[in-house]
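Q: this one's sequence-less:
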């Protein structure tokens, strides 16, 4: 790890102001991706601005139609939250499958979305539920947030403060794990908003994406058979040691069908 | 003699320190004036070192020194030796290219060491290592064994990248048998390359003392004496008496910590240059790049059978990847420890095996848990199962028709099995695995969309390579005995020094059971010491499941001497004839009388020799023994694996795994079961999840746990185990060894089960979900 | 340039002047010389470095020491009773032969302590899932799973 300066501001305002003065600085949320990258010297920020003291970035609030979760909410917190389990059980379940127990105690919602790892789980929930990402400057629709490989709509220094997830009628997330890393090789989040369905796929492309054909079919009828026959095109899907584009394409259909089955249970 | 301790599930003496964080692994050792080393490693698989510029690095904060291969060459530091000379089919010695600790002129695999930076702190060493500027002229690389002979030349001494072509068996007779066979089964098999990944990374910490002109090296090693011998005699040109090697607590080895590694040599040499303690500990990425890998065979195997499924002959052609350099025992693994095992448990009368071992631009390959024997078992058991399917014979029945039942049995591939009962282990496993109930379980699985398959493997292992003179005639450059010493203290407690290092096997407990049992002492009265050349008289170390059979026997031999001397002392004390003294459960008795002396009284008399036959007997009670076995030991067993394959995704899970082993006499069943569990998990890992992959350019694709998958808790089942016992005939404990069995037998059992589930002839390992899915996709 | 970091480790105040880039595990091992916490990988997979931070299992190789400023840390050295007797989870590992080389063991025990608090009577399946972040190369997990099931029962939901 290269040397850096460490800061722990007491407020979001201070954090944003600090980072504006440090063009090579980075926010540090849970650190479960960033610290790893720094250890391998793949990332070398000049400054780390630790967000762990920012009380305004914590907490889980439910209104009738949305669940709003603070950006610094740890995965374990979301997974164990009675409110989230009640409102959007699929979201709590998804959080409970991220990484491993130890990672879930540190990793945060905001950190995961800002990092936009192509195989991360939270982006699938954000896009699959049509979430709104709140930052210190604005609100960004999930549809406009994920831009590409490790690339989001966030501007330099922009800080995610919370995320609002609309409560669906039913939803589920099904993931096929990379056997080694345990990240999603293919993860599919399906949500039924009553006549309008959303399907988000992670792990399979450069960034999370929606599957229009499946959405259309599920919007017409939210049933396993609606997606079971859909053949996904492998073009543009990720290829690595563990899965070819063809295999990933196949898994998208299988995971989507299983997710619908789970949502209906 | 009481039998209470032999065969008892005694809890381990070593556990308290490990459970409380008090273990002392090499990286935990912090010496006065400690400095830290970081290695600059080649990012290229094959390149000429045009220039290595260390000037910037030398000036970086905290840097004490930067050394390159040139510095080592100038200091006359030698290359790393290979411990086994293979003679090829033409009677020529194998090609032994130089293996310099730091690259000289050329690099031949990604991760090869180009320079070392030593600094006051580890962070400084790593920062400065980035400042070493290396100008590489990149050359084409070859990574696949099958392509090596036509690939770019690695070493001048071996223009076709061939280290040797070696063969065992009567080719003409085998060919003739094939010509007459009713059926021939043929398989093209790849034994996938594995990366050992003991959870403790390699580590070495050396310190030099000007006062004594001597060195101490703490190192994560399975055999400190061998490490010292190789380093002093072949590399650094030092007297052994000037080097102490300590292998403290070692966090798993599985073969990968047998070898002398360049880093060990470099820190030891540098400790004198700097007059400082120099420590290096591998980061996991360095382990992936530079630990010796395992397996990596490409094989064509054929089995000739008569119309009744009797094996007539076996013909095997293997190309073995040795990597870029010859690691310590690399040459004997795909030859001596492979071809000799091809008889398996069967009476196959004729076997011919030809092995071509090649250099490639990959990390060196050497012994990894099982070492040659898993590769042999995979060949034999995949062939046998496939032959049964092709001939529509029951896979159990075909094995029974060919089992060896008369012992001793001389195989056509040099080994002579002393004892065994292969029907006993097979019968037991069929029952324990409820093979009879398989069809209904298969139906049950189908209902939930899963294909269920069953596979068998009946393996043979050869442990404790022996005897030394035979091994020597086959090319071994070291002895294969073991040493032990029993030091009885004046108060009657005992310290045992053994050359068998323990790095998870629990020797401190098992060996203490043997000693306590034999001397009739409580376990608490016996301490086991290992892993320090300044304490232990000598040792060949721990590998090849040899510890109890060879190291344990050396201890028993020393114990016999203790008892013999004790009888002389007791005879004197009790004014009886030595021949009338009996020893039982810690008591010396005069036969037929009630006269007795306790073990402690005799020990005390030996050290306070007031009433003692000083004219005939030396005082003291301390004996050592060296034991060179008459033969290998031959553990064997039968494994049954059931898998479930998800029809949609190809994901395969081990639904059940049942193992019945014959390890001879068992000292501590709890520890033995643990050894089997661990071996099975590694064998299942080879079959399902683990596969080292290099790109054609020589870049390591599986360079971290993010891509190389060693099994997690969710990847393996709870195992069902049992044992049957035929005692080894040529050691006093009747023991055979158990450390590698699981890794030897499991891969074939798993792959036989998956191919059964899928109804295909073969499938490459590891059978990942994608591999299985592709196979089903093709079939459909 | 160094920075002061303070926390409570195994019930005692501990502080050190470290570089900001110092990982929590480095602080624990090098500065505090508590070498029972191990480093087995550099990609946060093996879990040998697991400690409890404010009662929760985390990987001490995956955070910088400053992230633990003011926290309560428990390492393997703080688990046994003051008289040296083993904690029920440690005892369960010993009784069930849940360790061989011992290198992954501290991480296994620390993770198990946290897990068992919320799972006083776990199923085998739950235990295997709880070990997703811990690698062992010796035991095949069989006896680790048995140990944790027994240890969790003995703990009754309390560390």
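A: Great, that's in hand. In this text, all values refer to a predicted model and were calculated from it rather than measured experimentally. Residues are numbered from 1 along each chain as shown, chains lettered A, B, ... in the order given.
Q: C-alpha from now on. contacts and neighbour counts both.
A: OK.
Q: residues contacting the one residue sitting closest to the centre of chain C?
A: Nearest residue to the geometric centre of chain C (Cα atoms, centre = their mean): residue C:110, 2.9 Å. Residues counted as contacts of residue C:110 (Cα atoms under 8 Å, 6 or more residues apart in numbering or on different chains) are C:50, C:51, C:52, C:57, C:75, C:76.
Q: could you pull up the residues touching the residue of chain C found nearest chain A?
A: Using Cα to the nearest Cα, the single residue of chain C nearest to chain A is residue C:58, 4.3 Å away. Shown in contact with residue C:58 (Cα under 8 Å, 6+ apart): A:101, A:102, A:103, A:105, A:106, C:50, C:51, C:52.
Q: hmm, back to that, off-centre distance for the helix or strand hosting the residue nearest to the centre of chain C?
A: Assessed by DSSP states H and E, residue C:110 sits inside helix C:105-118. With Cα atoms, centre = their mean, to the nearest Å as the basis, helix C:105-118 stands 6 Å off its chain's centre.
Q: per-residue pLDDT, the residue in the stretch 151-300 of chain B that chain A sits nearest to?
A: Nearest residue of the stretch 151-300 of chain B to chain A, counting by Cα to the nearest Cα: residue B:285, 9.2 Å away. On pLDDT, residue B:285 comes in at 97.
Q: let me see the contact set for it.
A: B:703, B:704, C:41, C:42.
Q: quick one: which of those is most hemmed in?
A: The residue in the contacts of residue B:285 with the most neighbours, by other Cα atoms under 10 Å in any protein chain shown, is residue C:41 (25 neighbours).
Q: so it makes contact with residue B:283?
A: Yes: in this structure, residue C:41 is within contact of residue B:283 by Cα atoms under 8 Å, at 6.5 Å.
Q: what do these two both touch?
A: residue B:201.
Q: need the contact partners of the helix or strand just after the helix holding residue C:110.
A: Counting by DSSP H and E, the element after helix C:105-118 in chain order, helix or strand, is helix C:124-130. With Cα under 8 Å, 6+ apart as the test, helix C:124-130 has contacts from A:100, A:101, B:713, B:714, C:112, C:115, C:145, C:146, C:148, C:149.
Q: among these, name the ones in helices.
A: A:101, C:112, C:115, C:145, C:146, C:148, C:149 (DSSP state H).
Q: restricted to helices, list the contacts of residue C:58.
A: Those of the contacts of residue C:58 mapping onto helices are A:101, A:102, A:103, A:105, A:106, per DSSP H.
Q: how about the contacts made by the last one?
A: It refers to residue A:106. Residues near residue A:106 by Cα under 8 Å, 6+ apart: A:30, A:31, A:32, A:74, A:75, C:58.
Q: how far away is the second one from residue A:110?
A: Using Cα to Cα, to the nearest Å, residue A:31 is found at 11 Å from residue A:110.
Q: what of residue C:62?
A: Going from residue C:62 to residue A:110 by Cα to Cα gives 17 Å.
Q: secondary structure class for the closest residue to chain C within the stretch 651-780 of chain B?
A: Nearest residue of the stretch 651-780 of chain B to chain C (Cα to the nearest Cα) works out as residue B:678 at 4.2 Å. Taking DSSP: H, G, I helix; E, B strand; the rest coil as the rule, one finds residue B:678 in the helix state.
Q: also the one 3 residues further on?
A: Secondary structure for residue B:681, judged by three-state DSSP, is helix.
Q: just checking, residue B:402 touches residue B:346?
A: Yes: using Cα under 8 Å, residue B:402 and residue B:346 qualify as a contacting pair, with a distance of 5.1 Å.
Q: for the spatially closest residue to residue A:177 that is not a sequence neighbour, which residues are in contact?
A: Excluding the flanking residues, the one nearest residue A:177 by Cα to Cα, 6 or more residues apart in numbering or on different chains is residue A:184, at 4.6 Å. Under the criterion of Cα under 8 Å, 6+ apart, the neighbours of residue A:184 are A:119, A:120, A:121, A:175, A:176, A:177, A:178, A:202, A:203.
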